[in-house]
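# sharing a sequence plus its predicted fold:
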Amino acid sequence: MKSSWLIIGLIFASGAIVAVMILMYILPLDFSESSPVQPILFSHKLHAGVNGISCRYCHRHVTDSRLAGIPSVADCRSCHLYISAEAPQIKKLMDYWDKREPIPWVRVHTLPDHVYFPHMMHIRARIDCSTCHGQVAAMEQVTRTASLKMGWCLGCHRQHKASIDCWTCHI
Amino acid sequence: MKRRTFLQLSGMTAASALLAGCQSKNEKLIPYLIPPDEGVTPGRASYYASSCSFCPAGCGILVRVSEGRAKKIEGNPEHPVNRGRLCARGQALLQELYHPDRVQQPLKRSGARGSGEFRKISWAEGLSLLTAKLKELQREHATDGLAMLTPQLSGALSTLVSTFMRSFGSPRHLSCELLAADWLRLAGRQSFGQPGLPFYDLAETRYLLSFGADFVESHLSPVQYGNAFGRMRQGRDTVRGHFTYVGGRMSLTGASADRWMPARPGSEGALALGMARLILDESLFDKAALAANGLRPETVLGRLQAYDLPHVAELTGLAQEMIAEVAREFATTRPSLAMAGEAVAFQTNGPESVRAIQLLNLLAGNLNRPGGVYPAGSIVGSLAGPENSFAALLALVESMRTGRIKLALIKGDPRYGTPPATGFQQALDQVPFIVSFSTLLDDTALQADLILPDHAGLESWGDVVPLAGSRHMVYGLMQPVVTPLHDTRQFPDVLLAVASGLGGTLAAALPHKSCLEFIKGTISKRVGGHKKGRNFETQWVELLRRGGQFDTDKEFGKGYRWAAASQLPDPARPRFAGDEKLFPLHLQVYSSTSFHDGRGAPLPWLQQLPDPISTAVWDSWIEINPKTAASLGISHGDLVEVASPRGVLRLPAVIYPGIRPDLVAIPLGQGHRGGGRYANDRGVNPLELLAMVEGSEQQAAWNATRVRLTRISAKGELVTAGHPQGSYRSDLIGI
């Protein structure tokens, strides 16, 4: 009698744990630092891969600024007024526009404040975007593929005979 | 820690860790909703040249602006006053712009006066309210019932305000600041016949003698003189200039000196004359200089008979040998330079003491020469500024008290920055309608009936004539570096709007549409832009790019000599408020490195900046000599009560060996009632202690009050940033 209760209890407990895990998997909760869920399920695969839009069409400051820049909500809207305006994710985009709120994108590639990383210098040195950002054109959801640790930076700097002086990045 | 608390804490930690785990720790990337059309590149900064509006020194600044936000302020390397340097107060100007408690739109009082209850109104309503009040005065033919209170303005704004008042028909424009250099202008007129401020050529001098002039922290143009002091010490290969500091309290400037002469408060003038007599006695003076200034050594020596060495030593409390040695060094080292400062000037015999120091410069031949002093080295003429705004203040207090003032327009915070002994605060309460132009709800704004908030300095147009920081004609420009954050308007724009609303002579005198137009008009006249064949717009853009007009080839006059009609200085015995037996100690109030006269207190960076002497932060303190403290049983950090004939304050004690045993000192700047969350109810305002000295009521004598100390408890709660006796206790700050 007692052991059967115990078994039923165990089954219930493990069932509950499995249920919670399934729920966690299904719900768009953000557990991962390297591949966070974005507020709008924007597909780089569709834009950059299938439609072949150049990275610089949206990230237009990459050649002249430290930052690559992300498109403003108005930029997204100007295309999507005409392109797949009925898709649920586009509706979400238009909601942001109607509420006059910017989209709170989650940052995937980040460096600490004590690192000076200028995009424009790397573009000028003809380093391909994918060297650091991976094959974004094949990603539904952007995932960080490189470690972005100092050793990884230095490896590439050595390979390209770029300066590895401390002051190059830590200014 | 109790078991229960431990369990509670660990439970809370676990719960918060669980909650935090459900969200990505990644930062957010917030895009623009609509991209700015000016071609802003994210991550790329622009730099704008402007002028610092914090203190009258008017240093040139470069502001780094990134994505339309001002991020960092540095000195403008092309500006002749500060040469690329900037003090902490200038750097903190950013926080004036971003202050969380700024007045964001016009306010009208809704509760009782001083309750701090205001109703938000529109600009149209605010302006029509002010215009109606002014029209009422015009209708009743009582235009002199309008009073205007401003800090000491310079440039176009000064012209605008005086034109406004003159055209309206009121003579009551008071430009008054606690630490204004009126005393120096007055002494200049009496000795040299002109009220300009002197320029000291500190960098080239070989022997500097400062009588209480704290030029490193606050005197006239601190960035200019701090930098020049560095060049005097280290800028020449063969000479390291010598520096002697005279003053009862060793300030930061005093601590940089080679020799400290702690003269008794009020005896500095006698000391200068004692030195002068010795120089004449021993024929060490510059004969040519004396002749050029129309003075005969015998007459001067005859007048200085009373200042023999033993007598001066007794008056000052200094050793005879020390006085004689410094006097000889001063006279024989050429060029030498003597400066007079606020600690000397704000005594009852201040103006005469300052003139005694000027005489010392004359005897050593330091006038109008490199490494010396140029008495007219700065602005002269109508731009020079008032010579005794304190007397004007008292006159205004009297007319406010008797109810003759019906409307007061106030820029700045005189309610905080005026000693209550003048009766200003009570008199101001008699004024039926007060308009404040403050950016924060400061002490004055809290009492106002209408607040028409000004822009922050970084949002404003303006022009600045730097005070006493250069021998050349320097004219700095201020330009807005960011779009105004709130619904505020510039003070001059409000005046122009009101003038056009009133019509008549006022609108005719001030037909300008905006402050910018007014300033452009002023500058156009200056650079000759109205002449044919010159494109003023091109010149204007170039002036804005550089930060102003710096004519380094045009120097001010060298011709000023000792005025023939001028009497030789004769400082009387200083008088003090308070009986010597009841109040045994002298009180000195001094300009703090962070707050100047109190205007820096609302900015948290300046509150957090440790005082270079006591390392105290976020508070007031009183400096006491160890001997005095021991005799009263006071130790470092104790709470003490300071009583003067005028008032009583409680504040923590700092035991400081660099102060005379008969002197205590409190920094200015704390103890605001308003001024936003970082300033209000923090520390004490030492101005509340100051009393008027009988017989010299018409004179600003802020260092002539005597006080008494009593120890209250050991809990002074002094927060310091690294004192061996008390670690940094940030829990006491409460922000």
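Cool, the structure landed.

# might you enumerate the residues of chain A proximal to chain B?
Counting by CB under 8 Å from any CB of the partner chain, the positions of chain A adjacent to chain B are A:29-33, A:36-37, A:61, A:64-67, A:69-75, A:97, A:100-108, A:110. The way it works is simple: take the backbone N, C-alpha and C, and place the C-beta from them, glycine included.

# filter these down to the buried ones and express that as a ChimeraX selection.
Here is the ChimeraX command that selects the buried residues among the residues of chain A next to chain B (16 or more other CB atoms under 10 Å in any protein chain shown):
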select /A:30,36,61,65,66,67,69,70,71,72,73,75,97,102,103,105,106,108
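
# tell me which of the residues of chain A next to chain B fall in strands.
Cross-referencing the residues of chain A next to chain B against strands under DSSP state E gives A:Trp105, A:Val106.

# next, residue 72: phi, psi?
You didn't pick a chain, so chain A it is. phi -70, psi 160 (degrees, to the nearest 10).

# can you look at chain B instead?
According to degrees, to the nearest 10, B:Lys72 has phi -160, psi 140.

# residues contacting it?
B:Lys72 makes contact with B:Val63, B:Arg64, B:Leu94 under the criterion CB atoms under 8 Å, 6 or more residues apart in numbering or on different chains.

# what's the pLDDT at the closest residue to chain A within the stretch 251-400 of chain B?
Here the stretch 251-400 of chain B gets closest to chain A at one residue, B:Leu252, 31.6 Å apart by CB to the nearest CB. We have a pLDDT of 92 for B:Leu252.

# also B:Ala384?
66.

# quick check, B:Ser353 in a helix?
Yes. If the criterion is DSSP: H, G, I helix; E, B strand; the rest coil, then B:Ser353 is within a helix.

# how near is it to B:Asp214?
For B:Ser353, the distance to B:Asp214 (CB to CB, to the nearest Å) stands at 16 Å.

# hang on, the earlier thing: just the ones of the residues of chain A next to chain B in helices?
A:Val73, A:Ala74, A:Asp75, A:Trp97 (DSSP state H).

# by proximity to chain A, which residue of the stretch 601-735 of chain B wins?
Counting by CB to the nearest CB, the stretch 601-735 of chain B gets nearest chain A through B:Trp605, at 19.0 Å.

# that residue: what's it in contact with?
Taking CB under 8 Å, 6+ apart as the test, what B:Trp605 contacts is B:Ala88, B:Gln91, B:Ala92, B:Gln95.

# tell me the contacts of the last one?
What that stands for is B:Gln95. Applying CB under 8 Å, 6+ apart, the residues near B:Gln95 are B:Leu603, B:Pro604, B:Trp605.

# burial of the closest residue to the second one other than its chain neighbours, as a residue count?
In this structure, B:Pro604 finds its nearest non-sequential neighbour in B:Tyr678, 4.7 Å apart by CB to CB, 6 or more residues apart in numbering or on different chains. B:Tyr678 has 23 neighbours, counted by other CB atoms under 10 Å in any protein chain shown.

# state the distance from B:Ser115 to B:Gln447.
10 Å.

# more crowded one of these two?
Using other CB under 10 Å, the more surrounded residue of B:Ser115 and B:Gln447 is B:Gln447, with 23 against 11.

# quick one, which of B:Ser353 and B:Asp214 is more surrounded?
Set B:Ser353 next to B:Asp214 and count neighbours by other CB under 10 Å: B:Ser353 wins out with 30 against 25.

# okay, now B:Leu178: neighbour count?
22.

# before we move on, the earlier item: would you double-check that the residue of the stretch 601-735 of chain B closest to chain A falls in a strand?
No. B:Trp605 is assigned helix when assessed by three-state DSSP, not a strand.

# tell me the domain boundaries of chain A?
A:1-30, A:44-70+A:105-169 (automatic domain parsing).

# ok, the one helix or strand B:Val474 maps to: who's next to it in the sheet?
Using DSSP states H and E, B:Val474 maps to strand B:472-478. Here strand B:472-478 is paired, per DSSP bridges, with strand B:462-464 (antiparallel), strand B:548-555 (antiparallel).

# now find how far off-centre that strand is within its chain.
19 Å (CA atoms, centre = their mean, to the nearest Å).

# could I get the buried residue list for the helix or strand just after that strand?
For strand B:472-478, the succeeding helix or strand toward the C-terminus, using DSSP H and E, is helix B:491-502. For helix B:491-502, burial by neighbour count (16+ other CB under 10 Å) applies to B:Phe491, B:Pro492, B:Asp493, B:Val494, B:Leu495, B:Leu496, B:Ala497, B:Val498, B:Ala499, B:Gly501, B:Leu502.

# what's the answer for stretch B:457-471, then?
Residues B:457-471 are the ones in stretch B:457-471 that count as buried (16+ other CB under 10 Å).

# so which of the residues you listed are in strands?
Counting by DSSP E, those contribute B:Gly462, B:Asp463, B:Val464 to strands.

# hang on, the earlier thing: contacting residues around the strand holding B:Val474?
Strand B:472-478 has contacts (CB under 8 Å, 6+ apart) with B:49-51, B:53, B:58, B:60, B:79-81, B:155, B:457, B:460-466, B:519, B:523, B:526, B:543-544, B:547-556.

# where does chain B have low pLDDT?
For chain B, the stretches with pLDDT under 70 are B:1-2, B:5-24, B:38-39, B:377-384, B:529-534, B:552-554, B:557-559, B:564-565, B:722-735.

# got the domain ranges for it?
Split into domains by automatic domain parsing, chain B comes to B:107-178+B:386-459+B:485-527, B:199-374, B:585-732.

# may I see those arranged in CSV, with distance to A:Ala19 as well?
Formatted as CSV, the domains of chain B follow (distance: least, CB to CB, whole Å):
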stretch, distance to A:Ala19
domain B:107-178+B:386-459+B:485-527, 51
domain B:199-374, 69
domain B:585-732, 46
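
# now stretch A:10-21: how far from the chain's centre is it?
32 Å.

# one more: stretch B:129-141?
34 Å.

# hang on, the earlier thing: between the domains of chain A, which has the poorest mean confidence score?
domain A:1-30 (a mean of 82).

# any idea how far that domain is from the chain center?
So, by CA atoms, centre = their mean, the centroid of domain A:1-30 is 32 Å from its chain's centroid.

# kindly report the same for stretch B:603-612.
Worked out by CA atoms, centre = their mean, stretch B:603-612 lies 16 Å from the chain centre.

# name the residues of that stretch that come out as buried.
B:Leu603, B:Pro604, B:Trp605, B:Leu606, B:Gln607, B:Gln608, B:Leu609, B:Pro610, B:Asp611.

# how close does the second one sit to B:Arg64?
Same thing as B:Pro604. 20 Å.

# how about the first one?
Counting by CB to CB, the gap between B:Leu603 and B:Arg64 amounts to 18 Å.

# same thing with the fourth one?
Spatial separation of B:Leu606 from B:Arg64 under the definition CB to CB is 20 Å.
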